[in-house]
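>>> Let's see this in three dimensions:
(2 chains)
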Amino acid sequence: MVCLADFLVQKGGSQRITKDEEIEENDISEARGGMMEEEKQAPRRLSRREFVKGAAVGTAGAAAGALAGCAPAATPAPTEAPPTPTPIIKEIIKEVPVELQEAIGHIVHDPEVCAGCRTCMAICSLSHSGAVSPELSGIQVLMFPSEGGVVHSNVCQHCKGPECLYACQVGALYIDEATGARVIDADKCIGCRLCQQACPNKKSDPYYYGDGLAPIRYDAENNVCFKCDLCGGDPQCVKFCPMNALSIQEEEV
Amino acid sequence: MAELNHGWVGKILRVDLTNGKLTEVPTSNYAPKFIGGRSMGAKIYWDEVPPEVGAFDPENKLIMMQGPVNGTVIPNACRTSITAKSPIPIPECYSYSIPGGHWGPELKFAGYDGIIIEGESPEPVYLWIHDGVAEIKKAGFLWGQLTSTVDQELKQLYGLQTKTMVIGPAGENLVREAVILLDGFAAAGMGGFGAVMGSKNLKAIAVRGTGSVKIAEPQKLIDLRQDWASAGLGLDVGEVFYGLFFPTHLSDAVAEGRATKKDAGCWGCQLNCQVGLRFQDLDVQSSLATCNDISEMQQDDFFRTGQYMTTDGWEFGRLCNDLGISITQIIGHTVPWFVEGHHGGTWATELVWAGLWTPENTGLPVGPNRNPYSNSDPELGVGTKEFNRALLKKVAYREGIGDLIAEGQQRYLKHVVETAPVELREAAQEIYDRVVWGESHRSIWQPRHIADGWVRFITNAVHMVHGPAAAGTGIFSDNMFPLIAGGSEEYKEEYIKQAVEFFGEFEKHFDMEIPDYKAEVAIYEQNVSMERDSLTSCMYGAAGYFTMRDFGLKSFSAATGQSEVDFKDWLKQVGERSYNLERAIMVREGRRREHDTMNEYHLTEAKWPEPDGPSVSRFLDKDLFNEVMDEYYTLRGWDLTTGIPTRSKLEELGMEDVADDLEQKYGVTVTA
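Numbers count the residues shown, from 1 in each chain, chains lettered A, B, ... in the order given. Now for the predicted structure:
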């Protein structure tokens, strides 16, 4: 286990990019080159985000504006021609920042040590939403008594290339400055669950009821999504795990 | 009444299996006067199950209740209190069983504080409860199946996160000592509720909830958990649980690399006391085992091989679970040492010795030899692998002699006496007198070697089948745990210090020769156990509360937002009130002071002759016994001669209606 404080010191001075800055500052052509292959495989990233971001780029500068012309911008720059309705993947990808701030780490779960008591799930949901609900916990643990206590788990990896963040159409997903955690802003979230679908780590299974072990959870009552936010650098699940099966680790998986 | 939506989820599901009718009852009908769990179960039982109802009648109700801190971050807040009329004792009477696992919290997440199951379905059914929706479904394809099969079937149908409550063939066949198995490992072992469920043609209850339990003061509750986790027991999990229950050589299979061992636990547990074994060999069932399970398996093993936890023992435990039968009842009381027979053997060995059991009349592999010093004599048969398995299957499927034994130890031995040949009748009667402690509501376990334990046991509502260390039995003791089982020295000191502050000269409690501090400690412990069982949190977890006496009160207040009262008032309202209600139920079903006793030999014979045995070996002095019991009834505010709660006590606890009902409806004389 790596000390959390070390991370904060190490990462504290590193460059932080907020969403708006990314869009204005990044070299678009570079981003385009880097993302070309991936975008073809993931055409779902389009639609509404395209509109929003396209508009942002359009107002950013002449070069950006020229490219954004192909995109259906909602508020086009005055010098541009009216946007065509054809959605084009490339324009979306352009604005994706090249280098996102990395998270200080992610929660690592040791299934050999874990007893499947789900204390982490109770604490996570209670500390975030004021109610205990395993369904709305950022960490998901499932113990199988019939297999001698084998534990399956899932928790957000805070990926370098966060598909959830790319997928979000309304800018509700952002990167927390202090920890680099990929976080959902519940005020902005419209509950479309595209982030959940985009997540490469959802471990879905047709037999699971509800969202299975997906690390992004859907709160039906408030119609918002919820995920691990590393609790501002002091993950409660790690703190309360009675078996010390949880830790925070730097490397991406 | 205000809606209760913090801590409690606010609704109780009522299932009428006769008409297939499903209704909802607001929790506020009972709470907060009866906060939940065991106390709410007692209240509903008092209101709805009259004394003339038999255990297998459709009018009997299975009342499954969660408490206000169940399913929260409070450690071990996982238990489900099941209340019903038990088919085991003679006469059938009120009982509860409080199993752990993950089923209880799941029910709360599905939107219910509890379920009341009544009536009797015309055909086999199971219940599927998910997010505020309950469905009664046909269970033809599950009927007759082993519990592990049903558990898997339901999880395949409704998702792996579904939690199940299942009965096995034993429950279907109305074996009086059948259990309800939760998630394939945690059993509601007391009371024979598996048979009650079977009598209602209810095979299983599958639950899945994606909802939440709202908390009034989340941060306060999290801080409480933190306090508990850091102060807590002051002892290492391994030290207590594995030292006490699970010898180091856990299994031959683990040692030989045929299986992997793993810790496992119930919802939100800080201790995680279960052991999981996963076998590579698919013929051996992988599962979790609880401590009771393991201690009985040890006996199955130990008497045969002198080794603990062999694969044979493990398989035997799984067989008990699969058949849905109580390992403690069948093996703990039949085969090994727990039940003292006349010559120091068990009743099964005694029957063989007396010539009442032969291979011919039992169809069991019992031998002709008489060996009073060993239960494991292969020629004797009793306690061997073959004997144990054969007996178990015969009982579960009610074949041959199993059909008689399935009626329970008391009923069976009574039958043996009645049918014994004339020349053996006297021997049979001796065994009966020795083993069956009267035809009453008495506990099988009578721990005379625990300072106040025997007082709690013999006055307890439930026909106890488990030992004093079993959680969820209502008799688990705060004071025995750190002092008998171990713990750090500082922790013991702190505990004693606080006990002295609370009681006065608490040291006298441990002097078995004097009557001081027996009755009052017993009453305190009973009230506390009622509090924990009502909250509903695990009594093992509660072991950590010794030095945090008001932990239950604080967690209740933080979870529900109800105002915090003085600790003694709280104990009165939550513990004493419900305990008196339980007593009123028992009184209504015929229990009086004369039933609160032990067999004569406990008062005249030492159990273990050596003075420094694992437990203090002694007999209780009869005068001491009577003195302590007098004090008990006086302090309880119960009538000294009858043991019936007095009107003034019931009124003090806000239960005038109970006193009125006792007098008017049930013809009981309630003194002023």
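
>>> Show the contacting residues for the residue of the stretch 501-650 of chain B found nearest chain A.
Of all residues in the stretch 501-650 of chain B, B:Ala559 sits closest to chain A, with a separation of 9.0 Å (CB to the nearest CB). For every residue, glycine as well, the C-beta is placed using N, CA and C. Taking CB atoms under 8 Å, 6 or more residues apart in numbering or on different chains as the criterion, B:Ala559 is in contact with B:6-7, B:68-69, B:72, B:74, B:213, B:215-217, B:221.

>>> and with 7 Å instead?
B:Ala559 sits next to B:6-7, B:68-69, B:72, B:215-216, B:221 when contact means CB atoms under 7 Å, 6 or more residues apart in numbering or on different chains.

>>> Skipping its backbone neighbours, what lies nearest it in space?
Closest residue to B:Ala559 in three dimensions, ignoring its sequence neighbours and counting by CB to CB, 6 or more residues apart in numbering or on different chains: B:Gly7, at 3.7 Å.

>>> do A:Leu246 as well
The shortest distance from A:Leu246 to any residue other than its chain neighbours is 4.5 Å, reached at A:Val238 (CB to CB, 6+ apart).

>>> what helix or strand is the residue of chain B most remote from its centre on?
Among the residues of chain B, the one whose C-alpha is farthest from the average of all C-alpha positions is B:Glu423, by CA atoms, centre = their mean at 39.2 Å. In this assignment (DSSP states H and E), B:Glu423 forms part of helix B:422-435.

>>> still on that earlier bit, am I right that the residue nearest to A:Leu246 is in contact with A:Ala245?
No. A:Val238 is not in contact with A:Ala245 according to CB atoms under 7 Å; the separation is 9.4 Å.

>>> what about B:Ala264, how many neighbours?
26 (other CB atoms under 10 Å in any protein chain shown).

>>> distance of it from B:Asp566?
For B:Ala264, the distance to B:Asp566 equals 39 Å [CB to CB, to the nearest Å].

>>> try B:Ala77
The value you get for B:Ala77 to B:Asp566, if CB to CB is used, is 23 Å.

>>> Can you pull the phi and psi angles for the residue nearest to A:Ser127 when sequence neighbours are not counted?
For A:Ser127, ignoring the flanking residues on the chain, the nearest one in space by CB to CB, 6+ apart is A:Gln236 at 4.9 Å. Here is the backbone geometry of A:Gln236 (degrees, to the nearest 10): phi -70, psi -30.

>>> how does chain B divide into domains?
Annotated domains of chain B cover B:11-208, B:233-330, B:334-435, B:453-640 [automatic domain parsing].

>>> Burial-wise, tell me which of those comes out on top.
domain B:11-208 (a mean of 24; mean count of other CB atoms under 10 Å in any protein chain shown).

>>> how far out from the middle of the chain is that one?
Here the centre of mass of C-alpha atoms in domain B:11-208, compared against the chain's by CA atoms, centre = their mean, to the nearest Å, lies 15 Å away.

>>> Straight-line length of that domain, end to end?
End-to-end distance for domain B:11-208, by CA to CA, to the nearest Å: 16 Å.

>>> same check, this time on stretch A:203-222
Counting by CA to CA, the length from the leading to the trailing residue of stretch A:203-222 is 24 Å.

>>> got it, and stretch B:72-90?
So stretch B:72-90: terminal residues 38 Å apart, CA to CA.

>>> still on that earlier bit, next, count neighbours for the residue nearest to A:Ser127.
Using other CB under 10 Å, A:Gln236 has 24 other residues around it.

>>> Please name the nearest non-neighbouring residue to B:Leu653.
Counting by CB to CB, 6+ apart, B:Leu653 lies nearest to B:Arg577, which is 4.3 Å off, once chain neighbours are set aside.

>>> Point out where the stretch 1-150 of chain A drops to low pLDDT.
Residues of the stretch 1-150 of chain A that meet the criterion pLDDT under 70 lie in A:1-98.

>>> cutoff 50 now
Flagging of the stretch 1-150 of chain A using pLDDT under 50 yields the residue ranges A:1-77, A:87-94.

>>> Show me which residues of it are close to chain B?
Along the stretch 1-150 of chain A, the residues adjacent to chain B under the rule CB under 7 Å from any CB of the partner chain are A:115-119, A:122-123, A:125-127, A:130-136, A:142-143, A:145-150.

>>> mind listing which of those residues are in helices?
Among the residues of the stretch 1-150 of chain A next to chain B, the members found in helices (DSSP state H) are A:119, A:122-123, A:125-127.

>>> Next, format the residues you listed as CSV and append neighbour count.
Output for those, formatted as CSV (neighbours: other CB atoms under 10 Å in any protein chain shown):
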residue, neighbour count
A:Thr119, 29
A:Ala122, 29
A:Ile123, 28
A:Ser125, 27
A:Leu126, 26
A:Ser127, 20
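
>>> got the contact list for B:Leu581?
Contacts were defined as CB under 7 Å, 6+ apart; by that measure B:Leu581 touches B:42-43, B:46, B:655, B:658.

>>> B:Asn527 is in what secondary structure piece?
helix B:519-535.

>>> what about the helices in the stretch 51-200 of chain A?
When secondary structure is read from DSSP state H, counting those that start in this stretch, the stretch 51-200 of chain A shows helices at A:62-68, A:89-94, A:119-129, A:163-167, A:194-198.

>>> First-to-last residue distance for stretch B:44-52?
In terms of CA to CA, the two terminal residues of stretch B:44-52 are separated by 16 Å.

>>> swap in stretch A:169-184?
Counting by CA to CA, the length from the leading to the trailing residue of stretch A:169-184 is 12 Å.

>>> for stretch A:102-109, same thing?
Across stretch A:102-109, the terminal residues are separated by 20 Å (CA to CA).

>>> got it, and stretch B:189-208?
With CA to CA as the measure, the first residue of stretch B:189-208 is 23 Å from its last.

>>> Can it be said to contact chain A?
Yes. Against chain A, stretch B:189-208 shows contacts by CB under 7 Å from any CB at B:Arg208.

>>> wouldn't B:Ser95 be in contact with B:Ala188 here?
No. Counting by CB under 7 Å, B:Ser95 sits too far from B:Ala188 to count as a contact (10.3 Å).

>>> Tell me the spacing between B:Pro122 and chain A.
29 Å (CB to the nearest CB, to the nearest Å).

>>> circling back to that earlier point, which of the ones in helices among the residues of the stretch 1-150 of chain A next to chain B lies closest to B:Gly132?
Distance from B:Gly132 was checked for each of these by CB to CB. The minimum falls on A:Ser125, at 18.4 Å.

>>> Please list all residues in contact with residue 215.
Let's take chain A. Contacts for A:Pro215 were tallied using CB under 7 Å, 6+ apart; they are A:138, A:140, A:154-156, A:199, A:201-202, A:227-228.

>>> that answer is for a different chain, and I need it for chain B
Contact analysis of B:Ile215 by CB under 7 Å, 6+ apart lists A:126, A:130-132, B:6-7, B:72, B:221, B:559.
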